[in-house]
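Trainee: pasting a predicted model and its sequence here:
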Amino acid sequence: MALPLKILIVDDSALVRQSLARIINHDKSLEVSAVASDPFVAVKKIAACKPDIITLDIEMPKMDGLTFLRKIMSQHPMPVVVISSLTKKGSDLAIKAMEYGAVDVVQKSNLSVDSFEDNERDILEVIKAAGQSRIKRKKVETALPIEPNHVEGLTTTNKIIAVGASTGGTEAIKSFLDQMPIDCPGIVIVQHMPELFTKSFAERLDSILKVQVREAKDGDTILRGLVLIAPGNKHMEVKKTGTRYYIKLSDGERVNRHKPSVDILFHSMAKNVGENATGVILTGMGADGAKGILAMKNAGSYTLGQNEETCIVYGMPKEAKRLGGINKEVALSKIGKEAVSSLKY
């Protein structure tokens, strides 16, 4: 029997530390080996306990979580899950944390014990995904915002690239979009991410990429050179009227325990776009998107999966491949170009 993964909890709130420890220790595959109230204590606990995974608050006294994260990933890289409050400021910081190497972000809406226990399965899933992740030393560079080279008067596209991602997906999506020409086919993306975080994520990408990126709104027309990211806590579908493809957002139950769900997007692509689409499934834990991308393939779409070697977590692409939904597996550094070349637009 495998030994449980050792977890270090770093948070200045004693209530949060106790709540997280209670949840984590309920799972026999995980074990809280230590807790720390600030990064300076955490450094000593890392040396003493040698944890497999760290959960990290962003805003703490003495040293902020981002500074601590940068030091960890440049000097002693290991899986880090960020625990962040759901505020505008917090969401911006969370996006930066993932750029600096954090595996994922868990929403911390308040400090009550009940709020953590209500989301116990989500918390455990993210931590377990972090345990499966492939972490490398991260060279952190400060990216200077540039004026996006936006094109006025974009035209409606009749070709669409649909992308699904989860754990490790923020950096994978950035790499994918960085390979896009400015007049690329319209792109729609579901990244498993909490409400409000998706807006900050889209704004960050829009500031550093040559294509336009924004959080999707209900009724948005899908255009060439435009990337639309599903908002957190909303399902996103692609609909068609005449020659116009547009976005339909909706509430509803979680699908595959996610909202937005990649399967919801991909099934709508299969139904409404078919052979005019390419489906792409990137790094992530679980099976969300696997059945949907198979439906896309059966409807005539070309389908791509990120290969195991370049995935942070080879879960979603693996399941899609197992079901027979992937035409070709490609390394992250080439999958964007492959998606564009698969469509004549």
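Mentor: Thanks, I have it.

Trainee: so where does Gly292 fall, helix or strand?
Mentor: helix 290-298 (DSSP states H and E).

Trainee: where do the helices sit along the stretch 1-150 of the chain?
Mentor: In order along the chain, the stretch 1-150 of the chain carries the following helices (DSSP state H, counting those that start in this stretch): 14-25, 39-49, 65-75, 88-99, 113-118, 120-132.

Trainee: elements contacting the fourth one?
Mentor: Meaning helix 88-99. When contacts are defined as 3 or more C-beta pairs under 8 Å, 6 or more residues apart in numbering; DSSP states H and E, helix 88-99 sits against helix 65-75, strand 80-85, strand 104-108, helix 169-178, helix 197-208. No exception for glycine: its C-beta is placed from N, CA and C like everyone else's.

Trainee: re earlier: by mean pLDDT, show me the worst of the helices of the stretch 1-150 of the chain.
Mentor: Mean pLDDT is lowest for helix 113-118 among the helices of the stretch 1-150 of the chain, at a mean of 52.

Trainee: correct me, but Ile161 touches Val280?
Mentor: Yes: because the distance of 6.4 Å satisfies C-beta atoms under 8 Å, Ile161 is recorded as touching Val280.

Trainee: shared neighbours, those two?
Mentor: Here Ile161 and Val280 share the contacting residues Ala339, scored by C-beta atoms under 8 Å, 6 or more residues apart in numbering.

Trainee: pull the contacting residues for Val190.
Mentor: With contacts defined as C-beta under 8 Å, 6+ apart, Val190 is in contact with 163-165, 229-230, 236, 260-262, 264-265, 289.

Trainee: repeat that for Thr170.
Mentor: Applying C-beta under 8 Å, 6+ apart to Thr170 gives the contacts 95, 98-99, 191, 193, 201.

Trainee: again, 6 Å this time
Mentor: For Thr170, the contact set (C-beta atoms under 6 Å, 6 or more residues apart in numbering) comprises Met98.

Trainee: give the residue spans of this protein that score low on pLDDT.
Mentor: Using pLDDT under 70 as the threshold, the predicted model of the chain has low-confidence ranges 1, 86-90, 108-118, 136-157, 345.
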